[in-house]
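Undergrad: This is a predicted model, with the sequence first.
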Amino acid sequence: MLEVKNIGYAVKDKWLVQDITYRFLPGKCYMLCGPNGAGKSTLLKLLALELPSKEGEILYNGQAINKKIKEKYAKYRAVLSQNVEISFPLSVEEIVMMGRYPHFDFKPSVKDFEICEEVMKQLDVANFRKRNYLTLSGGEKQRVQFARVMVQIWEIPKEGCRFLLLDEPIASLDLKNQFDFLHHVQQFINDKTVVIAILHDLNMVLNYADEVLLLDQSKLVANGSPSNVLQPANIESVFHVKSELHQLSNAKLLWVNKT
Amino acid sequence: MFRNNKFFFPVLVALLIVTLLCAIAFGAVSIVPSDMFSALKHFFQGKGPANIYEGVFLQLRLPRVFLCAITGAILASSGVLMQGLFRNPIVEPGLVGTSAGAAFGSSVVFVLAVNMSKGIKELAGPLLVPLFAFAGGLLATFAVYTLAKTQKKVAITSLLLIGIAINAVGLSGTGFMSYIARDPQARSITFWNLGTFSGAAWNQVFITGTVAAIIFFIVLRYAKQLNTLILGEEEASYLGVDPEKLKRRIMVLNTAMVAVATSFVGVISFMGLIVPHVIRLLIGSDNRKLLPASMLLGATLMSLADMGARLLLAPAEIPVGIITSLVGAPVFIILLKKYNVLNDKGGYYA
């Protein structure tokens, strides 16, 4: 469980995230939505412990965070960033193995190799495992990074749960890859896993999120089930567009009207 | 290419040993194996060298070959470390001011110690010179790093330009010190700028060797953490590495070993560029292999370069820095083109 109490973050005098209190429970997929500059990425970085919160408190599995035990969280908290640019040529399998780095000292164990093997197979990157990462397409790169993130928190911790944080994971993927990606995320969720993702495609949010946090101007303005939060009234006040929410036979559709 | 080849490291070691043996044997005076054995025998029996060949072998050739190999390993691994820190493949101690700053620091002591009391003078050689070199090198590297850093990135172009500026400051400082120097060796500006192993002595070998052994041992333990920096500082911290702490430590360790070497042999450029590049082409960028392999190849190539320096115009000698620059500059240009620095696009393909 991940809990935040009144957290805020400011650069100089500008608050990027302000007074957010929430409880993220295992077994659920939370999605952060909102316009550009609403504070989604900042909130995600606060949750990932990449940024230190200026006020409020973050509790991982009920424990307050201090800098000394941050290293420990590397074993059960993984973050998939938007664009990972590498500075030197590495092969796909070398990058995936980096996800296991927090788990071994100098040489990977047999188990580390087995986990990488399984994840690479699942995500369909095993067949180009020897290739130089820099020569891959955008979609392939994203899958490799996702594999790295998955192997990092593959084992379910004995106490507490694992956390998967995703920053616009499908923004650069084609249609099929977008669905495949979210499918893999759903497969990954169990009663010991919390997933928190930033997503711009509200239709994907409608159909894949368990709970939505709608942010605007650094504050949490609405939260709850996707079809409750992504109501035309909320959409209009936050995004300034008019929309309709439809129930299709096997999915929900948010249709934005032209202005 | 040889990424998982189990013969790669044995071959590197063999190459190094063969090169070292050749470097010991050949020079202005050639030394045959029987002289080497008898020299060692006399040495361990506590006797002096029996003839001039044994003397050359023990007092000149051996310390020179060792100092040269150790320096090569230091400069090459320093290239790996700095490239990892700056996240780009065209950094090396000669380019970002480390060597120039270290040379300035040591030249200050060299020149000013002459005027001081005898006690200080005796301390100066083994202790003060490396210490001042360290201070100078750290200052210069830190200056380049902070000045070139904008927000979170170190842009290559600004890095190189600021490197040029800081290098110029360091070299003109060294130039000034040589100008006012009375000591004949310190007076020779070519010594500082082009580097040479001609003054190698056993105490230098021991100091450099000890420092290198300790620092190599430590940085090899950081190789895995350094790998995560390839993904960027944010990703590194998600993998449990504290990038700021790592960068500070590596910077200090790296400067220490480069400074010690530079204070004895002057500035030798491009070794830190060529060696890691070659090794990356052969076995990839994993620092756990790249670092030790670069140490081995660095020692080998530096010994070859020094053999060239001794033999090409024998019995005269050319500064070894001329040879490394002649080979290194083209490699540097190739890397620049490859890295697309010249059209500001970035991206590295080996």
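TA: Noted; the coordinates are in hand.
Undergrad: what's the residue of the stretch 101-250 of chain A found nearest chain B in contact with, if anything?
TA: Relative to chain B, the nearest point of the stretch 101-250 of chain A is A:Pro102 (4.5 Å; CB to the nearest CB). (Glycine included, C-beta is placed from N, CA and C.) When contacts are counted by CB atoms under 8 Å, 6 or more residues apart in numbering or on different chains, A:Pro102 touches A:71, A:74-75, A:152, B:239-240.
Undergrad: Distance check, it against A:Glu155.
TA: 11 Å (CB to CB, to the nearest Å).
Undergrad: Kindly report the same for B:Ile164.
TA: Relative to A:Glu155, and taking CB to CB, B:Ile164 is found at 50 Å.
Undergrad: which residues sit against the worst-scoring helix or strand of chain A on mean pLDDT?
TA: Across the helices and strands of chain A, mean pLDDT, DSSP states H and E gives its lowest value to helix A:70-73, namely a mean of 78. The set of residues external to helix A:70-73 that reach it, using CB under 8 Å, 6+ apart, is A:49, A:60, A:65, A:102, B:240, B:242.
Undergrad: Mind putting these into TSV with distance to B:Ala200?
TA: Output for the contacts of helix A:70-73, formatted as TSV (distance: CB to CB, whole Å):
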residue	distance to B:Ala200
A:Leu49	51
A:Tyr60	56
A:Ile65	53
A:Pro102	44
B:Gly240	43
B:Asp242	39
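Undergrad: Out of those residues, which sit inside strands?
TA: A:Tyr60 (DSSP state E).
Undergrad: quick one: secondary structure of A:Asp19?
TA: strand (DSSP: H, G, I helix; E, B strand; the rest coil).
Undergrad: now it: how far from B:Gly84?
TA: Taking CB to CB, one finds A:Asp19 at 40 Å from B:Gly84.
Undergrad: Look at the two and report which has more neighbours.
TA: B:Gly84 (31 against 14; other CB atoms under 10 Å in any protein chain shown).
Undergrad: who's in contact with the more buried one?
TA: Contacts of B:Gly84 by CB under 8 Å, 6+ apart are B:226, B:229-230, B:250, B:287.
Undergrad: switch to 6 Å and redo it
TA: B:226, B:229 (CB atoms under 6 Å, 6 or more residues apart in numbering or on different chains).
Undergrad: backbone phi and psi for it, please?
TA: phi -70, psi -40 (degrees, to the nearest 10).
Undergrad: Is A:Phe88 in a helix, a strand, or coil?
TA: coil.
Undergrad: how far away is it from B:Arg249?
TA: 20 Å.
Undergrad: In chain B, what residue spans correspond to strands?
TA: Under DSSP E, chain B gives strands at B:149-150, B:153-154.
Undergrad: Mind telling me which of the ones you listed the model trusts least?
TA: For those, mean pLDDT drops lowest on strand B:153-154, to a mean of 62.
Undergrad: got the contact list for the residue in the stretch 101-250 of chain B positioned nearest to chain A?
TA: The minimum distance from the stretch 101-250 of chain B to chain A, using CB to the nearest CB, falls at B:Gly240 (2.9 Å). By CB under 6 Å, 6+ apart, B:Gly240 lies in contact with A:71, A:74, A:102.
Undergrad: And for the residue lying closest to the last one once chain neighbours are set aside, the neighbour number?
TA: To tie it back to what came earlier, the one meant is A:Pro102. Using CB to CB, 6 or more residues apart in numbering or on different chains and skipping the chain neighbours, the partner closest in space to A:Pro102 is A:Ala74 (3.9 Å). Look at A:Ala74: counted by other CB under 10 Å, it has 21 neighbours.
Undergrad: Over to A:Leu182?
TA: A:Leu182 has 22 nearby residues by other CB under 10 Å.
Undergrad: do the same with A:Gln82
TA: So A:Gln82, with other CB under 10 Å, has 14 neighbours.
Undergrad: again with A:Lys130
TA: A:Lys130, neighbours per other CB under 10 Å, totals 10.
Undergrad: distance of it from A:Gln187?
TA: From A:Lys130 to A:Gln187 the distance is 26 Å (CB to CB).
Undergrad: now swap in B:Thr262 and tell me
TA: Relative to A:Gln187, B:Thr262 is positioned 56 Å away (CB to CB).
Undergrad: go on, B:Lys47?
TA: 78 Å.
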